[in-house]
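Student: My questions are about this predicted structure, shown below with the sequence.
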Amino acid sequence: MDRPLFPAATAELAGKKRALAPETHAAFKAFSTQVFADGALPTKTKQLIAVAVAHVTQCPYCIRGHTAAALKEGATQEEVMEAIWVAAEMRAGGAYAHASLALDTMNEIQERSR
């Protein structure tokens, strides 16, 4: 098994995706451009948010792309790492918060067995 789990993001693969659904690709590109444009939040902040979200969704392509874009927008390496730590806390925090569901289930089962 010499094939990597995630193939390199090449111009050839990008072109194939574009060719298979050109209208949808164009709409997505326009949407992405609008989302990352300066607005109430500056582009740099939006890219740092994207770095964090990419780590939560565990998308290697997004991690690479948005890390590069954040740096291009002037983010420091420290800011990128801090965004990643926010993502880590949110992911861990979500697991901890959802422990209430397990505790509730255990309580229900215990109540029924009485």
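Tutor: Received the coordinates, thanks. The model shown is predicted, which means the values in this text are computed figures rather than measured ones. Numbers count the residues shown, from 1 in each chain.

Student: for the chain, longest helix please?
Tutor: When the chain is parsed with DSSP state H, its longest helix is helix 77-112.

Student: So which elements touch that one?
Tutor: Helices and strands touching helix 77-112, as assessed by 3 or more C-beta pairs under 8 Å, 6 or more residues apart in numbering; DSSP states H and E, comprise helix 43-57, helix 60-72. Just so you know, the C-beta spots here come from the backbone N, C-alpha and C atoms, and that holds for glycine as well.

Student: looking at those helices, which is closest to residue 104?
Tutor: Among these, the nearest to residue 104 by C-beta to C-beta is helix 43-57 (24.5 Å).

Student: Tell me who's in contact with the spatially most central residue of the chain.
Tutor: Taking C-alpha atoms, centre = their mean, the centroid of the chain lies closest to residue 54, which sits 2.0 Å from it. Contact analysis of residue 54 by C-beta atoms under 8 Å, 6 or more residues apart in numbering lists 62, 63, 65, 66, 67.

Student: of those residues, buried ones?
Tutor: Buried by 16 or more other C-beta atoms under 10 Å: 63, 65, 66, 67, out of the contacts of residue 54.

Student: of those residues, closest to residue 19?
Tutor: Of all those, residue 65 has the smallest distance to residue 19: 20.5 Å, by C-beta to C-beta.

Student: residues contacting that closest one?
Tutor: Going by C-beta under 8 Å, 6+ apart, residue 65 touches 9, 54.

Student: mind checking pLDDT for it?
Tutor: Model confidence at residue 65, given as pLDDT, is 97.

Student: how near is it to residue 90?
Tutor: From residue 65 across to residue 90, the span is 20 Å (C-beta to C-beta, to the nearest Å).
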